[in-house]
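K.L.:
prediction below, plus the sequence it came from.
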Amino acid sequence: MRRRLTPYLLILPGGLWLTAFFAVPLIMMLSFSLMEGNLIDGFAFTFHWQNYTEGLSTYGDKFVRSLWYGLLATVACILIAYPAAYWIAFKAGRNKSTYLFLLLLPFFVSFILRTVSWKFVLADDGIFLGTFKDWGLLNEDFHVLGTTFAVVAGLAYNFLPFMVLPIYVALERVDARLLEAARDLYASRVQTFLRVVLPLSLPGVFAGVVMTFIPASADYVNADVLGGSGNVMIGNVIYLEYFNNSNYPTASALSFTLMGALLVGIFLYARLLGTKDVLEAAGR
Amino acid sequence: MNEINPLLRRGLTQRRDFLKLMGLGVVGMAAAACGVEGQGGKQNVTQSEVEKYWAGKAKNGRLNWANWVGYMEDDRATLKGFTAKTGIEVTYKEVINENAEWFGKIDAPLRAGQSIGFDMMVMTNGLQLEQARQLGYLVPLDHSKLPNFAANVDPALKDPSYDPGNTFTVPYTSGITGIAYNTKYVKEPITKWADLLNPKYKGKIGMMGDSQELGNVGLFLIGVDPEKSTPDDWRKAADKLREQRPLVRKYYTQDYIEAVTKGDVWITMAWSGDVFSLAGPEVRFAIPEEGGTLWTDNLCIPSTAENPVDALELMNYLYDPRVNATLTEFINYITPVPSAKGFIVEDAAAAKGEDKELLESLVTSPLVFPTAADMAKLRRYRTLTQEEKEIYQSVFTPVPQGS
């Protein structure tokens, strides 16, 4: 009897937590997304699915932009994180943990503060642009803040650790004897990397992509601090509809649309890469 | 490399579990499906209700005040004077950047009857103040404890349409929404809203994201008096603002002032007093030819205040002309206490050098003591019914979002 109950008891704290603070709010949001009304007269559940269609028709381009920015930031993260993780895993020797710590050091500072500090560094008349402008290297009206580049760069920077760590973990587990074996079998360095190391590290990349792409696409801080009038992301719209306009139904409908879009994206990606790898990565 | 535990894998895929989750979902839906109750529209307060609220409330000797950025001297001299006189310790925080954002923060706790951590706050006449009033988020003021207000307030600001009888609010300051420009980059004089549509300044133009502020500019641009505007005018104004959008660097809240000081934008929508108290010396302010917005920021007490008596005492203190003069000398907005002007003139006479110049310019400044000609150019926000409010927001909210 006790043995049969044990697994349930083990899952109880986590299960209760998830039910109370994940499942219930999610369901409430779902029901909110089908309500209509206003703050003063109240909101009524009327299966008002127009919240979805109107949200999509008004802010459809923001969805596309958010996913696009998320994708760009994710690709940038892979390009930066993979070589760094590779180097730390294979070449850093005994100092691995020191380098990892250095890499993570900036992330001990608050997310907001890091983003705001970028705003100072990149200001139109700030330490870099201002100096270049004084030297006559840049036009007086050249700017980085308020551009797509600034927002995507900010996103990539802020979510970098979520890419580095899983890739590092995957690479770190690659048995060095496999590399020796590859060389014994006359594989060149490139072949060794492409046919041995890369496939073995793909689960790490997959985990990194999931952990970067989802929060980056839903982010609103970077677009708010570093972006301009043409960089509004769907997260900013949801924030505004919820907090500023108290328009809970529209905000909820937009959130669920985003969630749906992200889920479809991730499932497609998992299909392309093969879910088997993911499960194996999780099982290790 | 270990094989994945088959038990785990099975657990995730069993249909039974999925069905259980679905069942849970249905229960949750049923619970939430009843809707969310409205808060009703309470506006008229009887004298007995006022007395009932204040009965048994006592002075606690402390007070938390939420205000807008740049709304108090840097050394908080006014508050120190208040503490010295009354013994009430004031914790003062400049946490308000935008009315809508602030309302979003206080809405949930006030609805639940929980403290927002402040006993006094400052809100502009407009959508959110109206909402707070209707939702019963504000405490009706006991005017018998506000003799300075009765004696010294500008008659033009007494009994305003947004709060008849000053039941819930008393004015803190008034100001003008116009244009600020940085003379380091902009060499020509700026006189009208249309200058914000000049392609010459592409990428260097700042606007405000607040739908009422932005909407008013759109209406001025198409030559319509905001106070008398119709939904059709709003749509035209929004189209005009969309036309301008490719030129706009960003739709700001309070942070526009930093941007125009640093040169991130050269020309921007701005609040009059900020330009004097927060921006650098190169930044100038203009009341546009097409008209500017006149707004009033109001002191009010949230319904869950823990120290309402102390808050009321501070309100009364701020209406002392001597106290108000000192405050006005720093914040440079239009004071609700006209008799403060005499004290500012006195201070100017007593001061020397740079301070003297500054104070003298203040007395003659049209932004602190506007002339009749300036006042004629100023308009208030459109008063909106609940129904109109929804249309108004659906018209202007998408503009700064790029939709």
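P.N.:
Okay, I see it. Numbering: from 1, shown residues only, chains lettered A, B, ... in the order given.

K.L.:
which residues in the stretch 251-400 of chain B form strands?
P.N.:
Under the criterion DSSP state E, counting those that start in this stretch, the stretch 251-400 of chain B carries strands at the ranges B:267-271, B:283-286, B:292-300, B:378-379.

K.L.:
tell me the domain boundaries of chain B?
P.N.:
For chain B, the domain assignment from automatic domain parsing gives the residue ranges B:47-174+B:296-363, B:175-294+B:377-396.

K.L.:
got those as TSV, with distance to residue A:249 columns?
P.N.:
From N, CA and C alone the C-beta is placed, and that goes for glycine too. Below are the domains of chain B laid out as TSV (distance: least, CB to CB, whole Å):
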stretch	distance to residue A:249
domain B:47-174+B:296-363	15
domain B:175-294+B:377-396	12
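
K.L.:
now the end-to-end length of stretch B:273-293.
P.N.:
Taking CA to CA, to the nearest Å, stretch B:273-293 runs 13 Å from one end to the other.

K.L.:
and it, which residues are buried?
P.N.:
B:273-279, B:283-288, B:290-293 (16 or more other CB atoms under 10 Å in any protein chain shown).

K.L.:
do stretch B:230-248 as well
P.N.:
Buried residues in stretch B:230-248, counted by 16+ other CB under 10 Å: B:233, B:234, B:236, B:237, B:238, B:240, B:241, B:244, B:247, B:248.

K.L.:
residue A:160 contacts residue A:81, doesn't it?
P.N.:
Yes - using CB atoms under 8 Å, residue A:160 is in contact with residue A:81, at 6.1 Å.

K.L.:
can you tell me which two in the buried residues of stretch B:230-248 are farthest apart?
P.N.:
Among the buried residues of stretch B:230-248, the pair separated by the greatest distance (CB to CB) is B:233 and B:247, at 22.3 Å.

K.L.:
show me where pLDDT drops low in the chain?
P.N.:
If you meant another chain, say so; for now it's chain A. A:1-2, A:274-284 (pLDDT under 70).

K.L.:
actually it's chain B I care about, not the one you picked
P.N.:
Using pLDDT under 70, chain B drops low at B:1-43.

K.L.:
quick check, nearest of the buried residues of stretch B:230-248 to chain A?
P.N.:
residue B:248 (4.4 Å; CB to the nearest CB).

K.L.:
count the neighbours of residue A:250 for me.
P.N.:
27 (other CB atoms under 10 Å in any protein chain shown).

K.L.:
so who does the closest residue to it other than its chain neighbours touch?
P.N.:
In space, and not counting its chain neighbours, residue A:250 is closest to residue A:241: 4.9 Å by CB to CB, 6 or more residues apart in numbering or on different chains. By CB atoms under 8 Å, 6 or more residues apart in numbering or on different chains, the residues touching residue A:241 are A:247, A:250, A:251, A:254, B:397.

K.L.:
specify which member of these is nearest to residue A:142.
P.N.:
Within the contacts of residue A:241, the smallest distance to residue A:142 is 31.4 Å, found for residue B:397 (CB to CB).

K.L.:
what's the separation between the nearest residue to the closest one once chain neighbours are set aside and residue A:169?
P.N.:
The shortest distance from residue B:397 to any non-neighbouring residue, by CB to CB, 6+ apart, is to residue B:211 (5.5 Å). The gap separating residue B:211 from residue A:169 is 47 Å, by CB to CB, to the nearest Å.

K.L.:
looking at the two, which is more packed in?
P.N.:
Set residue B:211 next to residue A:169 and count neighbours by other CB under 10 Å: residue B:211 wins out with 26 against 18.

K.L.:
is it true that the more buried one touches residue B:391?
P.N.:
No - contact criterion CB under 8 Å: residue B:211 and residue B:391 do not qualify, at 11.4 Å.

K.L.:
which strand residues bridge the residue of the stretch 1-150 of chain A found nearest chain B?
P.N.:
Across the stretch 1-150 of chain A, no residue is closer to chain B than residue A:42, which sits at 2.9 Å (CB to the nearest CB). On the basis of DSSP bridges, residue A:42 is bridged to residue A:38, residue B:37.

K.L.:
please enumerate the strands of the stretch 1-150 of chain A.
P.N.:
Secondary structure of the stretch 1-150 of chain A (DSSP E, counting those that start in this stretch): strands at A:35-38, A:42-45.

K.L.:
likewise for the stretch 101-250 of chain B?
P.N.:
Using DSSP E, counting those that start in this stretch, the strands of the stretch 101-250 of chain B run over B:120-124, B:170-182, B:205-208, B:248-252.

K.L.:
which one of those lies closest to chain A?
P.N.:
Chain A sits nearest to strand B:248-252 of all those, at 4.4 Å, using CB to the nearest CB.

K.L.:
elements contacting that closest one?
P.N.:
When contacts are defined as 3 or more CB pairs under 8 Å, 6 or more residues apart in numbering or on different chains; DSSP states H and E, strand B:248-252 sits against strand B:205-208, helix B:256-262.

K.L.:
how much space between residue B:376 and chain A?
P.N.:
According to CB to the nearest CB, to the nearest Å, residue B:376 and chain A sit 32 Å apart.

K.L.:
contact partners for residue 229?
P.N.:
I went with chain A, as the question did not name one. Residue A:229 neighbours (CB under 8 Å, 6+ apart): A:146, B:207, B:245, B:248, B:249, B:250, B:251, B:400, B:402.

K.L.:
actually, chain B is the one I wanted.
P.N.:
B:219, B:237, B:382 are the contacts of residue B:229 under CB under 8 Å, 6+ apart.

K.L.:
how about residue B:223?
P.N.:
residue B:290.

K.L.:
phi and psi next, for it.
P.N.:
Backbone torsions for residue B:223, taken as degrees, to the nearest 10, come to phi 80, psi 30.

K.L.:
and stretch A:150-160 with chain B, contact?
P.N.:
No - judged by CB under 8 Å from any CB of the partner chain, stretch A:150-160 stays clear of chain B, getting no closer than 11.2 Å.

K.L.:
contacts for that stretch, please.
P.N.:
A:69-70, A:72-73, A:76-77, A:80-81, A:111, A:114-115, A:118, A:122, A:144, A:211-212, A:215-216, A:219, A:221-223, A:225-227, A:231, A:233.

K.L.:
repeat for stretch B:334-343
P.N.:
Everything outside stretch B:334-343 that qualifies as a contact, by CB under 8 Å, 6+ apart, is B:152-154, B:157, B:170-176, B:272, B:296, B:319, B:321-322, B:324-328, B:363, B:367-370.

K.L.:
out of residue A:160 and residue A:81, which sits in the more crowded spot?
P.N.:
Shown here are residue A:160 and residue A:81; by other CB under 10 Å, residue A:81 has more neighbours (26 against 22).

K.L.:
ok, that one - contacts?
P.N.:
A:160, A:163, A:164, A:167, A:208.

K.L.:
what do you get for residue B:108?
P.N.:
Residues in contact with residue B:108 (CB under 8 Å, 6+ apart): none are found.

K.L.:
nearest spatial neighbour of residue 120, skipping sequence neighbours?
P.N.:
Defaulting to chain A. residue A:126 (6.1 Å).

K.L.:
let me rephrase: I mean chain B.
P.N.:
residue B:311 (4.0 Å).

K.L.:
what does residue A:148 give?
P.N.:
residue A:231 is the one closest to residue A:148 (CB to CB, 6+ apart), at 6.1 Å.

K.L.:
now do stretch B:81-99: distance from first to last residue.
P.N.:
Criterion CA to CA; first-to-last residue distance in stretch B:81-99 is 29 Å.

K.L.:
gap between that stretch and the chain center?
P.N.:
17 Å (CA atoms, centre = their mean, to the nearest Å).

K.L.:
what's the answer for stretch B:187-204, then?
P.N.:
That offset, for stretch B:187-204, works out to 26 Å (CA atoms, centre = their mean).

K.L.:
got it, and stretch B:213-227?
P.N.:
18 Å.
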